[in-house]
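**Q** test case, fold it:
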Amino acid sequence: MGFSSKGVDKALSMTTEKIEKILAEIEGDLEIKIKDSHRSKTTNEVIDILLKGRSQSTQQELHDSQSNFSFDTHELKNWKEKNNQLFRVDYYRNIPPTHKGLIGKLVIFCKRVIRKFLRFLIEPILFDQNEFNGAITASINALYNNAIVSQNFMDEMSELKKELIKLDKELDDRIEEVKIEVKDKVESSIENFSVRLTNLDIATTKLQSCIEELNISLDTCNSFMNEAASELVKIQKLEQENEDSKQNIEVLALKHKENKQSIDELAFDVQQSELQILRAIKKGKIQQQSAIKAMNENSCLEGEFKADTEQKNDSINVYDKIDYFEFENYFRGLRKNIKKTQQQYVAYFEGKQNVVDLGCGRGEFLELLEQNNIPAIGVDLYEEFIDYCKLKDLDVVQDDAVSYITNLKEESIDGLFASQLAEHLETSQLVTLCNKAYEKLKQDSYFILETPNPTSLSIYTNGFYMDPSHIKPVHPKTLQYFLQQAGFKNIEIIYTEQSKVDYRLPLLDSETIKNLAHFNDGINLMSDILFGSQDYAIIAQK
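**A** Take a look at the predicted model:
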């Protein structure tokens, strides 16, 4: 059975479709491979981790092998293009003339007749040949495309390898930097620890020195009382009390070393011990004066002693009705906490040479000024505060604050501080204090007053009415007005953070309340009024 021309065309068409399908599949694989070559960040990180485990020599060999690998696709491309054009063989192609004229036409006719008779024999072979040519052409196309894909993949791998080598070097550099940073931090921590140990040793030494000084002072006091009134029984009893005080101090120091008590407890105990020593000294002075008075009653110096006693009685201050020194120590708190609060005011007096602390009390601010090399003098009306400050080698004088500032020369001081004093003064005294402060201060000097804050209701339930010597709180706007009238400029009001009550009214949290924000604003306002700063400071500059 012979093959028709339609059958050959159909076979060639099927072969062409197969070749195109194979090419499409190859091109699809090529796109997938190219897409796969652009790995995600996570894949690159995994490759990074795997390659980090390879030795440096192995990585270098891989780099060299990839850098030297390449495909020569030029000749393959030429054959591919040629095969794509020539793979199809047409049985009925044109017969070229071999002779001219009638003979040539006759030859062509004979060839066509022969081709017609041989069709049944040639067409199957031609069909197989086209099938074979198509397969060879598809193979060459696949080989060429695989070569392109392989070349692109190797190029991508080469670039990826370069990036990996670069990242590996950057990682090594970063590791070295981290090692240096960690080393520096460790060395710095060790150095800071050494400094802290040194500071701790210095503090321990100072504490021991203070205890020794207290013991020496106590021994001196005992010796003085023994020599002044060796025949009086009361003085002998006082000696016993002083001896007990000495033992209490020694026990306190021993407890500090053995039981490692907290710093706050130790500071409080030291304060109480200092109070006992001061009281013992004062009691000794009183008994000494009693002994001298008893001896003077039998001598011609009785008149002079009485005159001196009457003069001293005239100077008794208003706090003699209560034991205000013990009261202050009980309610005022630890000195170190007061110093921590008042530290913020020291900067206003830096570089000054003559600062006055009115109502200096136990001398916390005087100590801060002394630690910052700022010369200062303290003034207080209560005698026991003066004795306490002198015991700490602070420069103090016993006097009324307004009287003292009034008696100074104009522009003779370059700093004035008054903590918890304004509430002890009558309005007329406070106005006088503001006016006199402006007269006595030098230009550009500061006057700082710290006093309870009446805009916070918590002062009335906490501390203000605990002290019976308080007259009334002073509103910050009132004090600001007095200072402005006196002539001060650049007046600033500070509400101290340390004096705030550690509590706030809870806010509502609900999605159903329309005016929730306004309501919570009101709650915050109530918290400020009830639990705001209990103290404020007003800073005025001349």
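
**Q** average model confidence for the longest helix along the chain?
**A** Across the chain, the helix with the greatest residue count (assigned by DSSP state H) is helix 119-228. Mean pLDDT, computed over helix 119-228, is 82.

**Q** hmm, Ile513 is touching Phe519, no?
**A** Yes: if you go by C-beta atoms under 8 Å, Ile513 and Phe519 touch, sitting 6.8 Å apart. (C-beta placed from N, C-alpha, C; glycine too.)

**Q** what sits against Arg504?
**A** Arg504 makes contact with 524, 527, 531, according to C-beta atoms under 8 Å, 6 or more residues apart in numbering.

**Q** contacting residues for the closest residue to the last one other than its chain neighbours?
**A** This means Phe531. Closest residue to Phe531 apart from its sequence neighbours, by C-beta to C-beta, 6 or more residues apart in numbering: Val501 at 3.9 Å. Each residue near Val501 by C-beta under 8 Å, 6+ apart is listed here: 456, 458, 462, 530-532, 534.

**Q** Pro468 - how many residues pack around it?
**A** 10 (other C-beta atoms under 10 Å).

**Q** actually Gln85, not the one I wrote
**A** Gln85: 9 surrounding residues under other C-beta under 10 Å.

**Q** quick check: which element contains it?
**A** Using DSSP states H and E, Gln85 maps to helix 74-86.

**Q** what residues does that helix touch?
**A** By C-beta under 8 Å, 6+ apart, helix 74-86 touches 133, 136-137, 140-141, 143-144, 147.

**Q** kindly recompute the last result at 6 Å.
**A** When contacts are defined by C-beta atoms under 6 Å, 6 or more residues apart in numbering, helix 74-86 is touched by residues 137, 140-141, 144.

**Q** rewinding a little: mind giving me the ChimeraX command for buried ones among the contacts of Val501?
**A** With 16 or more other C-beta atoms under 10 Å as the criterion, this ChimeraX line picks the buried residues out of the contacts of Val501:
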select :456,458,531,532,534
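
**Q** least confident of the contacts of Val501?
**A** Among these, Asn462 has the lowest pLDDT, at 76.

**Q** now do it against Asn337, distance only.
**A** 16 Å (C-beta to C-beta, to the nearest Å).

**Q** find the residue closest to Ala437 in space, skipping its chain neighbours.
**A** Phe447 (4.9 Å).

**Q** state the distance from that neighbour to Ile405.
**A** 10 Å.

**Q** more crowded one of those two?
**A** Using other C-beta under 10 Å as the criterion, Phe447 and Ile405 rank with Phe447 on top: 27 against 23.

**Q** which of the three states applies to that one?
**A** The three-state assignment at Phe447 reads strand, by DSSP: H, G, I helix; E, B strand; the rest coil.

**Q** bridge partners for it, pull those for me.
**A** Note on Phe447: beta-bridge partners by DSSP bridges are Leu416, Ala540.

**Q** returning to what we had before: closest one to Asp393 out of the contacts of Arg504, please.
**A** Nearest to Asp393 among the contacts of Arg504, counting by C-beta to C-beta, is Phe531 at 39.9 Å.

**Q** who touches that closest one in this structure?
**A** With C-beta under 6 Å, 6+ apart, Phe531 has these contacts: 458, 501, 503.

**Q** re the thing from before, overlap of the contact sets of Phe447 and Ile405?
**A** Taking C-beta under 6 Å, 6+ apart as the contact rule, Phe447 and Ile405 touch no residue in common.

**Q** Leu483 sits in which helix or strand?
**A** Assessed by DSSP H and E, Leu483 sits inside helix 476-486.

**Q** need the contact partners of that helix.
**A** Here helix 476-486 makes contact (C-beta under 6 Å, 6+ apart) with 431, 434-435, 438, 491, 493, 536, 538, 540.

**Q** of those, keep whichever come out buried.
**A** For the contacts of helix 476-486, a burial check counting by 16+ other C-beta under 10 Å picks out 434-435, 438, 491, 536, 538, 540.

**Q** how much space separates Arg115 from Cys210?
**A** Taking C-beta to C-beta, one finds Arg115 at 131 Å from Cys210.

**Q** ok, Asp128 - how many residues close by?
**A** Neighbour tally, Asp128, other C-beta under 10 Å: 11.

**Q** if you could redo that for Ser223, that was the one I meant.
**A** The number of residues near Ser223, taken as other C-beta under 10 Å, comes to 11.

**Q** got the angle for the helix holding Gln85 vs helix 119-228?
**A** Relative orientation of helix 74-86 and helix 119-228, computed by axes from the mean of the first three to the mean of the last three C-alpha atoms, to 10 degrees: 140 degrees.

**Q** how about the following helix or strand past helix 74-86: buried residues?
**A** The helix or strand immediately downstream of helix 74-86 is helix 101-117, counting by DSSP H and E. Neighbour-count burial for helix 101-117 flags Ile108 (criterion: 16+ other C-beta under 10 Å).

**Q** need the residues that contact helix 101-117.
**A** 95, 97-99.

**Q** repeat for stretch 450-469
**A** 331, 419, 422-424, 470, 473-475, 501, 529-537.

**Q** start to end distance for that stretch?
**A** Taking C-alpha to C-alpha, to the nearest Å, stretch 450-469 runs 16 Å from one end to the other.
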